[in-house]
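*Asks:* any chance you could fold what I've pasted below:
(4 chains)
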Protein chains: 2
Amino acid sequence: MIHNDQRKPRPRPTISDVARLAGVSISTVSRVLNDTAPVSPEVEQRVLQAIEMLNYTPHLAARNLAVRKTETIGLLLPEVGNNFFAPLLRGVENAIRPTEYQLLVHASLRVPDPAPWRHSPIGEHNADGMLVFVNSMDQAELLRNYERGFPMVLLFFTPPSNARIPYVGFDNTTGLCQVVEHLVQVHGRRRIVYLRGPVGNFDSEEREAAFRQTMERLGVPVYPELVARGNYSSISAEQAIQELIERGVDFDAVFAGDDDAATGVLAALRRNGRSVPEDVAVVGFDDIPFSVHLNPPLTTVHAPVEQAGYVAASKLLSLLAGETPELATRLPVELVIRQSCGCNRT
Amino acid sequence: MIHNDQRKPRPRPTISDVARLAGVSISTVSRVLNDTAPVSPEVEQRVLQAIEMLNYTPHLAARNLAVRKTETIGLLLPEVGNNFFAPLLRGVENAIRPTEYQLLVHASLRVPDPAPWRHSPIGEHNADGMLVFVNSMDQAELLRNYERGFPMVLLFFTPPSNARIPYVGFDNTTGLCQVVEHLVQVHGRRRIVYLRGPVGNFDSEEREAAFRQTMERLGVPVYPELVARGNYSSISAEQAIQELIERGVDFDAVFAGDDDAATGVLAALRRNGRSVPEDVAVVGFDDIPFSVHLNPPLTTVHAPVEQAGYVAASKLLSLLAGETPELATRLPVELVIRQSCGCNRT
DNA sequence: GCGTTTTCTGAAAGCGCTTTCAGCATAGCA
DNA sequence: TGCTATGCTGAAAGCGCTTTCAGAAAACGC
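*Replies:* Reported below is the predicted structural model:
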């Protein structure tokens, strides 16, 4: 027996269908839908019934057009699949849930559009405001949106100096300071390799500055051959360390850039027979859930990613409510000492 | 000096503004925007210039309303923060990128709306089609959408028997069969604890059935005290194992449900002084990126999550193109043998 | 040179909704 | 009883766009 799977072209019911069935005008239907004006109980009942019968759902695009709001906020990401993307999104969702807002996520991967007039895939044409992740929007467009008064909040980078756009990030400086001090003062490491993040990454640069500054303060030289390029990923970190070892460079500790990179560092070290933390101590940044399960458990700096998402979304929400949230939020990070630095050996 | 940050109420330019500035009608502007009809070069030039000057961007909601398409596809998730959510999203994005479609993501967390007429936060009112993750939409609504002919494809669960909705999932049966055989035939384990997934989870149930079936085929009893409740999370798995140990239950292997759970299992085992894999072998499912970095490296079943996202999105896209994609796709999984089962000891 | 295409353009009708405005009862008040 | 509040409802305008339709101008055919 053939199952009848014809796509029934029965069009979705509109507000007029409901109105007709209920024997009222569309204005009245709209009113019971939105509770914007009193409607007599019996009429309301009829309308509700009609809605039920037709299985009617209002068409959001039409409503948006009429009220000139989209009720959605956008989240622009440079890529997707980053390991701390999940907690970030969770934070954003938590902030948004109690509101009427939807979340529109777009991972750009920067494929520039030939048509000059269609700017970002998400912008004031389809969102009331947006969360902009570092490196997901070029500065020109950022500024253009700002000029227009489009509500935005920045994640993990600061706005150009003349634009007063709220942002949230981590207190990279304190975090780096703590972890470096720990390496140097507690464990006496001096030849510390510094694995950079992606070029142009805000956090990465801030962290490097803090690193150099702290090292200087502690009177430990930053050996040029010990700062290597990474991009916050496991493989690139693994390669970088492999290369250092092959080049015969001597080092007794590595700051991996982030925890993802740290796993790569651990792998490379293990493969080359260097023991952690005896031969070389390794520390990360972020404290992703897996760090505790690494071998050895990773000493790292805990960055409250979920909270960052929550705070950023909250800021945007308050912006949308016409308030003016605090401009800058640097979330505190915390050194979490496990074993990869040399502490807590069993 | 006070920076002037007044939100300039200058309204966004509309197509009429462009038309006026260019000295043409809005129809003409629309035509150059969409290239839907020939426009003389000089006029086109004028329009383009006006667009440029006004920094005009078409209002998507209005366009959507007019063309009766939203150009977005929805992704409905039961929660966010799942560890294989990132690769899934990556797959979906990859499939979508070459198209005009946007991605609207919503993590539900099931807070039922009191208003009966506003169904899902994402549906035919704001998307042309959607990807439905297991447990993110109740069956009634699924069916209602299906009746309406709303394009959907299901992720990791099969539709109710009478609904011909495409879906993609993993070949759980083969995967489980392989891993269990490995445990039993290669390593001679017999008292295997089986950690379930969340109740009502499709994959979980399919896997359990396969587990029992394979065990029977191999002539190994499934001890009731060895099947424990988990929910594909590290903590719950840790608790479950802890409890088994405290109850004095004897076992020599554990199938953890998924890799997240496996980390919990490893932690519990380590804490109780059981060595892996000597005392107990542990295996997972999914092969998330971290599995290789666990201690010991986890033997698991590789599930192509990103591919699942890609395939699902492709199916939806073809549905939207009016084609009829293959109904069911079970992606092949593959046993990846590392050390936690007892192989490859150094 | 005149009808006939062909090319380009604008007027206007919608898309499905909200919202103002006015209208009509009915209730309240004197 | 007449008057103004009050409560409820519908007509109609409009949100910013696309798309038919028809008209004007230019190009073509003979």
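
*Asks:* residues near residue A:139, how many?
*Replies:* The local packing of residue A:139 (other CB atoms under 10 Å in any protein chain shown) involves 10 other residues. The C-beta positions use only the backbone N, C-alpha and C, and glycine is treated the same way.

*Asks:* and what of residue A:49?
*Replies:* Neighbours of residue A:49 under the rule other CB under 10 Å: 13.

*Asks:* chain B versus that one, what's the distance?
*Replies:* According to CB to the nearest CB, to the nearest Å, residue A:49 and chain B sit 11 Å apart.

*Asks:* from the contact counts, what lies against the helix or strand harbouring that residue?
*Replies:* Per DSSP states H and E: residue A:49 is located in helix A:41-54. In this structure, helix A:41-54 packs against helix A:15-22, helix A:26-34, with contacts taken as 3 or more CB pairs under 8 Å, 6 or more residues apart in numbering or on different chains; DSSP states H and E.

*Asks:* can you tell which of the ones you listed is closest to residue A:134?
*Replies:* Residue A:134 lies closest to helix A:26-34 among those, at 38.5 Å (CB to CB).

*Asks:* what packs against that closest one?
*Replies:* Using 3+ CB pairs under 8 Å, 6+ apart: helix A:26-34 touches helix A:15-22, helix A:41-54.

*Asks:* could the ones you listed be laid out in TSV, adding mean pLDDT and distance to DNA strand D?
*Replies:* As requested, the helices and strands packed on helix A:26-34 are exported to TSV (pLDDT from 0 to 100; distance: least, CB to the nearest atom of the strand, whole Å):
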stretch	mean pLDDT	distance to DNA strand D
helix A:15-22	94	7
helix A:41-54	92	3
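
*Asks:* which one of the ones you listed is the most hemmed in?
*Replies:* By mean neighbour count, with neighbours taken as mean count of other CB atoms under 10 Å in any protein chain shown, helix A:15-22 ranks first of these at a mean of 19.

*Asks:* could you check the angle helix A:41-54 makes with that one?
*Replies:* 120 degrees (axes from the mean of the first three to the mean of the last three CA atoms, to 10 degrees).

*Asks:* please list all residues in contact with residue A:92.
*Replies:* With contact set as CB atoms under 8 Å, 6 or more residues apart in numbering or on different chains, residue A:92 has these partners: A:75, A:103, A:131, A:309, A:310, A:312, A:313.

*Asks:* quick one: low-confidence parts of the stretch 201-346 of chain A?
*Replies:* Counting by pLDDT under 70, the stretch 201-346 of chain A shows low-confidence ranges at A:346.

*Asks:* would you map the helices across it?
*Replies:* A:202-218, A:234-246, A:259-271, A:305-320 (DSSP state H, counting those that start in this stretch).

*Asks:* spell out whether the helix holding residue A:49 and DNA strand C are in contact.
*Replies:* No. Using CB under 7 Å from any atom of the strand, helix A:41-54 stays clear of DNA strand C, with a minimum separation of 10.3 Å.

*Asks:* where does residue A:322 fall, phi/psi-wise?
*Replies:* When read as degrees, to the nearest 10, the backbone of residue A:322 gives phi 90, psi 0.

*Asks:* again, but for residue A:153
*Replies:* Dihedral angles for residue A:153 - degrees, to the nearest 10 - are phi -140, psi 140.

*Asks:* ok, how many other residues are close to it?
*Replies:* Counted with other CB under 10 Å, the neighbours of residue A:153 add up to 26.

*Asks:* what does residue A:37 give?
*Replies:* Neighbour number of residue A:37 under other CB under 10 Å is 10.

*Asks:* what residues does chain A have near DNA strand D?
*Replies:* So chain A meets DNA strand D at A:23-28, A:31, A:37-40, A:42-44, A:62, A:65-66, A:68 (CB under 7 Å from any atom of the strand).

*Asks:* mind listing what the residue most central in space within chain A touches?
*Replies:* When CA atoms, centre = their mean is applied to chain A, the residue found nearest the centroid is residue A:88 (4.8 Å). By CB under 8 Å, 6+ apart, the contact set of residue A:88 is A:155, A:305, A:306, A:308, A:309.

*Asks:* re earlier: can you list the helices and strands packed on helix A:26-34 in CSV and add distance to residue B:206?
*Replies:* As requested, the helices and strands packed on helix A:26-34 are exported to CSV (distance: least, CB to CB, whole Å):
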stretch, distance to residue B:206
helix A:15-22, 42
helix A:41-54, 36
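
*Asks:* just the closest residue of chain A to chain B, please.
*Replies:* Closest contact between chain A and chain B, by CB to the nearest CB, is at residue A:295 (3.4 Å).

*Asks:* wait, that residue touches residue B:294, no?
*Replies:* Yes. The pair residue A:295 and residue B:294 qualifies as a contact (CB atoms under 8 Å) at a distance of 7.3 Å.

*Asks:* the more surrounded of the two?
*Replies:* Shown here are residue A:295 and residue B:294; by other CB under 10 Å, residue B:294 has more neighbours (25 against 16).

*Asks:* residues in contact with that one?
*Replies:* By CB under 8 Å, 6+ apart, the contact list for residue B:294 reads A:293, A:294, A:295, B:262, B:263, B:266, B:340.

*Asks:* so which of those comes closest to DNA strand D?
*Replies:* Of all the contacts of residue B:294, residue B:263 has the smallest distance to DNA strand D: 50.5 Å, by CB to the nearest atom of the strand.

*Asks:* from residue A:338, how far out is residue A:280?
*Replies:* 15 Å (CB to CB, to the nearest Å).

*Asks:* more neighbours: which of these two?
*Replies:* Higher neighbour count among residue A:280 and residue A:338: residue A:280, with 24 against 18, using other CB under 10 Å.

*Asks:* state the distance from the more buried one to DNA strand C.
*Replies:* The gap separating residue A:280 from DNA strand C is 63 Å, by CB to the nearest atom of the strand, to the nearest Å.

*Asks:* residue A:264 too?
*Replies:* For residue A:264, the distance to DNA strand C (CB to the nearest atom of the strand) stands at 52 Å.

*Asks:* same thing with residue A:173?
*Replies:* Distance, residue A:173 to DNA strand C, using CB to the nearest atom of the strand: 47 Å.

*Asks:* with residue A:63 instead?
*Replies:* In this structure, residue A:63 and DNA strand C are 4 Å apart, going by CB to the nearest atom of the strand.

*Asks:* then residue A:259?
*Replies:* Going from residue A:259 to DNA strand C by CB to the nearest atom of the strand gives 47 Å.

*Asks:* show me the contacts for the nearest residue to that residue once chain neighbours are set aside.
*Replies:* Nearest in space to residue A:259, with sequence neighbours left out and distances taken as CB to CB, 6 or more residues apart in numbering or on different chains, is residue A:284 at 3.9 Å. Neighbour list for residue A:284: A:255, A:256, A:257, A:258, A:259, A:261, A:262, A:291, A:298, A:299, A:300, A:301 [criterion: CB under 8 Å, 6+ apart].

*Asks:* redo that, cut-off 10 Å
*Replies:* Taking CB atoms under 10 Å, 6 or more residues apart in numbering or on different chains, we find residue A:284 in contact with A:179, A:195, A:237, A:254-263, A:265-266, A:291, A:294, A:298-301, A:336, A:338, A:340.

*Asks:* just the buried members of those?
*Replies:* The neighbour-count test (16 or more other CB atoms under 10 Å in any protein chain shown) marks A:179, A:195, A:237, A:254-263, A:265-266, A:291, A:294, A:298-301, A:336, A:338, A:340 as buried among these.

*Asks:* which element is the nearest residue to residue A:310 once chain neighbours are set aside on?
*Replies:* Take residue A:310 and drop its neighbours on the chain: the residue closest to it by CB to CB, 6+ apart is residue A:91, 3.8 Å away. Secondary structure assigned from DSSP H and E places residue A:91 in helix A:85-96.

*Asks:* could you dump stretch A:246-255 to CSV, C-alpha only?
*Replies:* Output of stretch A:246-255 as CSV, limited to C-alpha atoms (Å, rounded to 0.1, in the frame of the first residue of the first chain):
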residue,chain,number,x,y,z
GLU,A,246,63.7,18.7,17.0
ARG,A,247,65.5,22.0,16.9
GLY,A,248,67.1,20.9,20.2
VAL,A,249,65.8,23.9,22.0
ASP,A,250,66.0,23.6,25.8
PHE,A,251,63.0,24.4,27.9
ASP,A,252,61.5,23.4,31.3
ALA,A,253,58.0,24.7,31.1
VAL,A,254,55.4,25.7,28.6
PHE,A,255,52.4,28.0,28.7
